[in-house]
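Q: show me how the following folds:
(chains A, B, C and D)
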There are 2 protein chains.
Amino acid sequence: MTKQRWLGKEPVSLATVAAQAGVSIATVSRIVNGETRRASPETVERVQKLISTLGYRPNHVGRTLRRRESRIVAMLSPNLDNPAMAGIAASVETALRSAGYVMILCDTHDRADLQDEYLHAMRSQVVQGYVVVNAVQSDGLSAAVARGDPIVFVGRRNPDGGGSFVGIDNWRAGIDAADHLWSRGFRELAVTYPLQGSSATRDRVGGFIARLEQLGLTRNAVRQAGASGLSHLEVGYAAAKSLVDGRPWPQALFCPSDLMAYGAYRLASEHQVQVPKECSIIGVDDNTLNAWIAPWLTSVRIPYGDFGDRVVEQLQVLWAGEPGSEQLLPHELIVR
Amino acid sequence: MTKQRWLGKEPVSLATVAAQAGVSIATVSRIVNGETRRASPETVERVQKLISTLGYRPNHVGRTLRRRESRIVAMLSPNLDNPAMAGIAASVETALRSAGYVMILCDTHDRADLQDEYLHAMRSQVVQGYVVVNAVQSDGLSAAVARGDPIVFVGRRNPDGGGSFVGIDNWRAGIDAADHLWSRGFRELAVTYPLQGSSATRDRVGGFIARLEQLGLTRNAVRQAGASGLSHLEVGYAAAKSLVDGRPWPQALFCPSDLMAYGAYRLASEHQVQVPKECSIIGVDDNTLNAWIAPWLTSVRIPYGDFGDRVVEQLQVLWAGEPGSEQLLPHELIVR
DNA sequence: GGGAACTTGGCAAACGTTTGCCTAAACTGT
DNA sequence: ACAGTTTAGGCAAACGTTTGCCAAGTTCCC
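A: Sure, this is the predicted structure:
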């Protein structure tokens, strides 16, 4: 009794409308779905009036069971606290909505077990597709891919390879960062990275170093330091610490994410090192807040706001039974 | 054919398992739900083995239709891009998950029409409850409240009054900010606010001004400026601009949100005004990033990470048929 | 040995939709 | 007038579960 009060006092269904209108459920269903040719104009009008006065709304659960499509898409994201992830979530949500879908959001905390748990749970919910941001390797994911479930990978590629992907050319982003610093005349360079890095951060760092070698720096001339930790903020701080431990700060430091750059910045502040005067820091993401409170940071802007549309495009491709593709969006170096 | 490939090649249902096991659907259903006393130990084992080898997972849609509970909760939030909102979303998601629910996330962009559209859509999805962050007044919302739908309001109270609420004592937060600045000896004070402000920001500003009057400042001694705009970042910038237009900067400035404080900070930077040396800025929220890149900002910390548990508590109260209550969480002034 | 109680499990009705098929009645053309 | 077509709408099966009720068979107690 009290348990189902959430349904409203009057769970008005097709049957309710049909009874009031004196027609069959089938007829009401057809009218609801716009198939007006199967009923006389008077019937249609009578039923439509009743629908609006009774406030009838099709029950999606019944519809899903019958039609076998839920219009629900699951998004699995690691830590939503990361502004970049939140940006992706917002963008995808908006794009899905305008395509008539709703999004179930799952925070995997970057853990393989939680990712699997969610993948299972979402399958139970009969979701129509998955958007997996920064996927980690896991059995459940491999199984879903093998099953042919429609999955769009965002940020990181499918750990098992293949499939739909939306992101940027991370290697190229690293190259662009290197070119920028080089053209400014910096030669004492350093890079920090997360130890349990994903393909995305690895590529950024890889591109950065490879480019510098191409430009004439020896591999050892580029100082490198990794660290591990929960958040990129802490990773950036710790990595920077081990980088400058007892040594002078480099002229410029490349961090494969803005959060890591923030971590490095904190250490620089503690060391009274001025950014960017004494040490330039360059990150990746270009968080919205940078323009307001971190103008000292140069960053490779990733157009997260454009991800949503591409993700939905890819989902539609997969739903059509065609193979997905890689969508690389343009990034842009922002200097303030 | 291709259309339903997402279901997997073998949509294994109770019927599948039952057929293989040579028992009825009912028996399998009972075993799945742990009602083992209704079958012989051998049957139970045989069925359970089959369940795991076939990879059977209960279909939530069928279950929802029958049981009339979807274990889905809808969260309506304005702009997820705001780190505070993202923090709430993350916290609520985690709390819901550990209570066995999943969350559908809807970004209302602070628009009444979108809020209504989502409320309708979620009702169709037969969600079991709603978490509405910074609700705006709308017909659909009033209707949902009147219907007795379980709704927990977060951040802003129910515009129509009453109901469950999770948030902080905003008036008190304003008071605390005033006390802090006063105790530091500042007497030339100012405050900015959004023109189309919510009850939350109004209360913060109201408490701030009321306290200063109590302390002996006349109302006119507190400089005030409002502005409107899409984002609090821009509002903060514009309000600060109109505040200092041709006049000296105050000793301290209260902004009812961190984002507004960031906006004011940008203007201060453009005016070569040092923060906090020449002008102290105090915000509300205490964004995680403050410790890393905005140590100049004093802020009233809102424990967003604790919101999730309280929200779920309130939902459970509502589901039990009891009236919800107001949950005011403790805030804390953070000075760096 | 006979009723009571328990064990094991099946039947079938719901939950709200959608949709292929059927059927009358009305209309059309010749 | 009669066959053929169109119109208007109902029937019932399915989608995957859950669960109240019923029915045999077994055990137990006196």
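Q: make it CA atoms for all contacts and neighbour counts henceforth
A: Fine.
Q: any idea what the residue of the stretch 151-300 of chain A at minimum distance from DNA strand C is bridged to?
A: Among the residues of the stretch 151-300 of chain A, A:I151 lies closest to DNA strand C, at 24.5 Å counting by Cα to the nearest atom of the strand. With DSSP bridges as the criterion, A:I151 is bridged to A:Y130.
Q: which residues of chain A fall in strands?
A: If DSSP state E is used as the criterion, the strands of chain A fall at A:72-77, A:102-107, A:129-133, A:151-154, A:164-168, A:189-194, A:223-227, A:252-254, A:280-285, A:297-301, A:326-329, A:332-334.
Q: for B:V222, which of those is the nearest?
A: Among the strands of chain A, strand A:297-301 comes nearest to B:V222, with 35.1 Å by Cα to Cα.
Q: tell me how far A:I88 lies from B:L217.
A: 46 Å (Cα to Cα, to the nearest Å).
Q: who's more crowded, the two?
A: Neighbour totals were compared for A:I88 and B:L217, and A:I88 leads with 24 against 16 (other Cα atoms under 10 Å in any protein chain shown).
Q: contact partners for the more buried one?
A: Residues in contact with A:I88, defined by Cα atoms under 8 Å, 6 or more residues apart in numbering or on different chains, are A:304-305, A:307-308.
Q: most neighbours, which of those?
A: Most neighbours among those, by other Cα under 10 Å: A:F307, with 26 neighbours.
Q: hang on, the earlier thing: want to try CSV for the strands of chain A, with mean pLDDT, mean neighbour count and distance to B:A39 as columns?
A: Shown next, in CSV, are the strands of chain A (pLDDT from 0 to 100; neighbours: other Cα atoms under 10 Å in any protein chain shown; distance: least, Cα to Cα, whole Å):
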stretch, mean pLDDT, mean neighbour count, distance to B:A39
strand A:72-77, 98, 25, 36
strand A:102-107, 97, 25, 36
strand A:129-133, 98, 26, 37
strand A:151-154, 98, 26, 39
strand A:164-168, 98, 24, 46
strand A:189-194, 97, 24, 53
strand A:223-227, 96, 19, 55
strand A:252-254, 98, 26, 64
strand A:280-285, 98, 25, 58
strand A:297-301, 98, 24, 61
strand A:326-329, 98, 17, 51
strand A:332-334, 98, 17, 65
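Q: low pLDDT regions in chain A?
A: Counting by pLDDT under 70, the low-confidence segments of chain A come to A:1-10.
Q: how's it carved up into domains?
A: Per automatic domain parsing, the structural domains of chain A span A:2-58, A:67-162+A:305-328, A:170-302.
Q: can I get those domains in CSV including distance to B:D116?
A: Formatted as CSV, these follow (distance: least, Cα to Cα, whole Å):
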stretch, distance to B:D116
domain A:2-58, 14
domain A:67-162+A:305-328, 14
domain A:170-302, 29
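Q: what's the closest of those to DNA strand D?
A: Comparing the domains of chain A by Cα to the nearest atom of the strand, domain A:2-58 comes nearest, at 3.0 Å.
Q: quick one: is that closest one near DNA strand D?
A: Yes: Domain A:2-58 comes into contact with DNA strand D (Cα under 7 Å from any atom of the strand), by way of A:22-27, A:37-41, A:43-44.
Q: show me how far stretch A:85-99 is from its chain's centre.
A: 8 Å (Cα atoms, centre = their mean, to the nearest Å).
Q: next, the buried residues of it.
A: Buried residues in stretch A:85-99, counting neighbours by 16 or more other Cα atoms under 10 Å in any protein chain shown, are found at A:85-97.
Q: swap in stretch A:195-210?
A: Within stretch A:195-210, the residues that count as buried by 16+ other Cα under 10 Å are A:198-210.
Q: CA atoms only for it, dumped as PDB, please.
A: In PDB, the C-alpha atoms belonging to stretch A:195-210 read as follows (Å, rounded to 0.1, in the frame of the first residue of the first chain):
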ATOM      1  CA  LEU A 195      53.000   4.600 -13.200                       C
ATOM      2  CA  GLN A 196      49.900   2.600 -13.800                       C
ATOM      3  CA  GLY A 197      49.300   4.700 -16.800                       C
ATOM      4  CA  SER A 198      46.600   4.100 -19.400                       C
ATOM      5  CA  SER A 199      47.200   4.000 -23.100                       C
ATOM      6  CA  ALA A 200      46.100   7.600 -23.300                       C
ATOM      7  CA  THR A 201      48.700   9.000 -21.000                       C
ATOM      8  CA  ARG A 202      51.400   6.600 -22.300                       C
ATOM      9  CA  ASP A 203      50.800   7.900 -25.800                       C
ATOM     10  CA  ARG A 204      51.000  11.500 -24.800                       C
ATOM     11  CA  VAL A 205      54.200  11.000 -23.000                       C
ATOM     12  CA  GLY A 206      55.500   8.800 -25.800                       C
ATOM     13  CA  GLY A 207      54.800  11.300 -28.400                       C
ATOM     14  CA  PHE A 208      56.400  14.100 -26.400                       C
ATOM     15  CA  ILE A 209      59.600  12.200 -25.900                       C
ATOM     16  CA  ALA A 210      59.700  10.800 -29.400                       C
END
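Q: now that stretch, how far from the centre of its chain.
A: 19 Å.
Q: look up how far B:G62 lies from the residue of the stretch 51-200 of chain A found nearest DNA strand D.
A: Scanning the stretch 51-200 of chain A for the residue nearest DNA strand D gives A:R66, at 3.3 Å (criterion: Cα to the nearest atom of the strand). According to Cα to Cα, A:R66 and B:G62 sit 10 Å apart.
Q: more neighbours, those two?
A: Counted by other Cα under 10 Å, A:R66 and B:G62 do not tie: B:G62 has more neighbours, with 18 against 12.
Q: any idea how far the more buried one lies from B:P41?
A: As judged by Cα to Cα, B:G62 and B:P41 stand 27 Å apart.
Q: interface residues of the stretch 51-200 of chain A facing DNA strand C?
A: Counting by Cα under 7 Å from any atom of the strand, the stretch 51-200 of chain A sits next to DNA strand C at A:57-63, A:65-67.
Q: now list the buried members of those residues.
A: Among these, those classed as buried by 16+ other Cα under 10 Å are A:57-62, A:65.
Q: now those in CSV, with distance to B:S52?
A: Shown next, in CSV, are these (distance: Cα to Cα, whole Å):
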residue, distance to B:S52
A:R57, 38
A:P58, 35
A:N59, 32
A:H60, 29
A:V61, 26
A:G62, 28
A:L65, 24
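Q: all helices of chain A, in order?
A: A:14-21, A:25-32, A:41-54, A:60-67, A:83-98, A:112-124, A:139-147, A:170-183, A:199-215, A:232-244, A:258-270, A:290-293, A:307-319 (DSSP state H).
Q: cool, thanks, signing off.
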